[in-house]
Every structure is written in structure tokens, then in C-alpha cells.
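Visitor: Sequence first, then the predicted structure:
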Amino acid sequence: MSYLASELITRAYSLAGIVAEGFETVSGPQMSTGLSLLNDSLTDKISDMSLIPFYKKYETVTEIGEPDYFVPNLLAIETLTFNNGEDSPVRFAMQNVGRVQFRGRSQVDNVTTLPSSWHAERSIDEDGVGGTTISLYPRPSAVYPLTVWGKFGLEEIESPDVDLSEFYERGYLVYARYELANLICSEFGISMPESAEKRLMRYRKDFDYISPVDLTTQKSSTLYSGQAPDFLAVAFLGGGWVP
């Protein structure tokens, strides 16, 4: 069933106590303000990604000798792998390393082989689109399919006539209505009704239990780490391949 942005905005105004549901309509300027605040509310989730319960898959390919790959709208990476081999492709994991270790350590930049580590930085492309730049090391020696699972920014709504059910599940739209009502109250300098505020707090708390971050840990071993192999072992001992 469709759920237009105009319906969500109208009900958020009612929830905030600005208009009486069933008796008053949202004016043109109010609708425009509501749409702008709705997009502000969706953008706010960047600073608290626990309020984005959705994980998405993004696929691209590497280029020979190219270390950096920009993924638009990507906020956080849960897993990053690549595949090698045409007949029986093998999925390879890589080790996520911090900025100092990745940018500050000694590297052999003119050697290409299977990447063994990666580092990600939030960035903006030349068109002003926000996202994340993923850097690989060593540089890829071939065109490898690259797969990212992670959290992405929420879709911006361009018009009150947009059907929100095409982007979000119904339960999330109910929560979005309460967040929008809270932002409307802040914009108009009024207090959110206590019952609505309590329900909003409950929704926010519930998201901690929906698609949580994987906090499982792995023990390190001098024999096998469970991660991608060390660069030297891959490039020189294994010739770019591992069992």
C-alpha cells in the first residue's frame, strides 16, 4: 500500500499539535517546510547510524594498479571482500587497518597482487556527492569483483508526492513520522506532546536491537589469523595465491 510523503508530513504536523487531524489541512508553505525537515531528519541519521537498521550490498570491480574506490552514500562498512578466479571463484577477505597503520607504514607502491588490507575514509567526490573512499593494499593485479556490505545514507525525498513505501518499510515510516514531529516542534519552538515523545524514545531504543553491529571477535594466531594473508607472503611466497 502506498504511503505518500505528504501523508507522513501531514500526520507529523498533527502529532506535533500544529494542525488538528481530520479538521485542518497543511498549507503549501507548511508542506514545503515539512518536506525540508523530513530530509533533514533523514540526513541526521548519519551522526547516529544505530537509527539506520538497514544493511545494503554494493558491488563494483577493481582496476589494475588502482588503490582507491569511491562508493557514493556509503556510511559504514560491515564486510569487504573480493573474488578471484573465473571457473571456481574464491572469495577473499581483507584486513581492515587504521589510518596511521595504513597511511603511515612503509609500502611497496609499484607492486600489484591480491589486496590484503583496506582502509576507508568518509569523502566527497568531484560532484559534491558524499560517500566513502576505500583504499586497498597492495594494489590489485587484475580486475576483481569487489563486494561491500554496509550502511548507506537514507534516500532524500524530492517531492511530497513521492511514495515512501518504495524506499522504506512501513514500520520505519511510522518511526520517521515521530522523528519529523519532533523536528517540527523544535522548528516552531514548542514542546512535543509527552506521550509522543515517550513513544519516540522507545522507537530509538528498539533500533539498538534491530540489525546490530556484529561484535564477534577473533583470536589472533601466529599460524593463521582468519584474515587475508600478509602482503609479503602473498606476493613473494605464494605468487599471488593462497590455499
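Guide: Looks like it arrived, so ask away.
Visitor: Span of stretch 47-67 from start to end?
Guide: Criterion Cα to Cα, to the nearest Å; first-to-last residue distance in stretch 47-67 is 28 Å.
Visitor: avg pLDDT for it?
Guide: The average of the pLDDT scores along stretch 47-67 is 90.
Visitor: May I see the buried residues of that stretch?
Guide: Met49, Ser50, Leu51, Ile52, Pro53, Tyr58, Thr62, Pro67 (16 or more other Cβ atoms under 10 Å). From N, CA and C alone the C-beta is placed, and that goes for glycine too.
Visitor: wouldn't Leu15 be in contact with Tyr178 here?
Guide: Yes - at 6.8 Å, Leu15 counts as touching Tyr178 under the criterion of Cβ atoms under 8 Å.
Visitor: For the chain, give me the ranges with low pLDDT.
Guide: Applying pLDDT under 70 to the chain flags residues 22-24, 208-243.
Visitor: okay, now the residue nearest to Thr132 when sequence neighbours are not counted: neighbour count?
Guide: Closest residue in space to Thr132, ignoring its immediate chain neighbours: Leu74 at 4.1 Å, by Cβ to Cβ, 6 or more residues apart in numbering. With neighbours defined by other Cβ atoms under 10 Å, the count for Leu74 comes to 22.
Visitor: for Leu74, what are its contacts?
Guide: Residues in contact with Leu74 (Cβ atoms under 8 Å, 6 or more residues apart in numbering) are Tyr58, Gly131, Thr132, Val148, Gly150, Lys151, Phe152, Gly153.
Visitor: Any figure for the gap between it and Thr25?
Guide: 39 Å (Cβ to Cβ, to the nearest Å).
Visitor: Where do the helices of the chain begin and end?
Guide: Along the chain, counting by DSSP state H, helices occupy 5-16, 28-44, 99-104, 170-188, 194-206, 231-232.
Visitor: Make JSON lines out of these and add distance to Pro138.
Guide: Below are the helices of the chain laid out as JSON lines (distance: least, Cβ to Cβ, whole Å):
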{"stretch": "helix 5-16", "distance to Pro138": "47"}
{"stretch": "helix 28-44", "distance to Pro138": "36"}
{"stretch": "helix 99-104", "distance to Pro138": "12"}
{"stretch": "helix 170-188", "distance to Pro138": "41"}
{"stretch": "helix 194-206", "distance to Pro138": "42"}
{"stretch": "helix 231-232", "distance to Pro138": "5"}
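Visitor: which residues of this protein fall in strands?
Guide: 56-61, 68-72, 74-84, 90-93, 95-96, 112-113, 117-124, 130-137, 139-140, 145-152 (DSSP state E).
Visitor: Show the secondary-structure elements that the last one is packed against.
Guide: The one in question is strand 145-152. strand 56-61, strand 74-84 (3 or more Cβ pairs under 8 Å, 6 or more residues apart in numbering; DSSP states H and E).
Visitor: Would you reformat those strands as TSV and include distance to Trp118?
Guide: Below are the helices and strands packed on strand 145-152 laid out as TSV (distance: least, Cβ to Cβ, whole Å):
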stretch	distance to Trp118
strand 56-61	13
strand 74-84	6
